[in-house]
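J.: Next come a sequence and a model predicted from it.
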Amino acid sequence: FHKCPEMMKVAAVALVDDQVMGFIQVVLHGMPCEIHTVEKDEAYVYMIAVDPDARGMGIGSKLLEWADDIGRQRGCETISLDVLGGNKAIGL
């Protein structure tokens, strides 16, 4: 966040009983991202994680909904993410 404090405004955590159970970081056009070139109208999900003990509770879906809302508020028309091969989420 030192290089781009604005990135803190497009990151969120999911809490369950005051415990962090999920995290998401969105990157918008003009923000540093070494793995993806973010287009002007795109919200890119740089990272999303859900605690294994909290999977199946809809936390990932809620975080993605939040990212979609943030993107729309910032004028983005698309949201994208990359899934690494072997990740169980690839079929979702």
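T.: Perfect, I can see it now.
J.: correct me, but Trp66 touches Ala12?
T.: Yes: using CB atoms under 8 Å, Trp66 is in contact with Ala12, at 5.5 Å. Quick note: C-beta positions are derived from backbone N, CA and C, even for glycine.
J.: Mutual contacts of those two, please.
T.: Common neighbours of Trp66 and Ala12, using CB atoms under 8 Å, 6 or more residues apart in numbering, are Ile24.
J.: that's a strand at Gly85, yeah?
T.: No: Gly85 sits outside any strand when classified using DSSP: H, G, I helix; E, B strand; the rest coil, being coil.
J.: confidence score at it?
T.: Reading off the confidence values, Gly85 has pLDDT 77.
J.: what helix or strand is the nearest residue to Asp51 once chain neighbours are set aside on?
T.: Once flanking residues are discounted, Asp51 sits nearest to Met21: 4.5 Å by CB to CB, 6 or more residues apart in numbering. If you go by DSSP states H and E, Met21 is part of strand 19-28.
J.: Does that strand pack against any helices or strands, and if so which?
T.: Counting by 3 or more CB pairs under 8 Å, 6 or more residues apart in numbering; DSSP states H and E, the packing neighbours recorded for strand 19-28 are strand 11-16, strand 42-50, helix 59-73.
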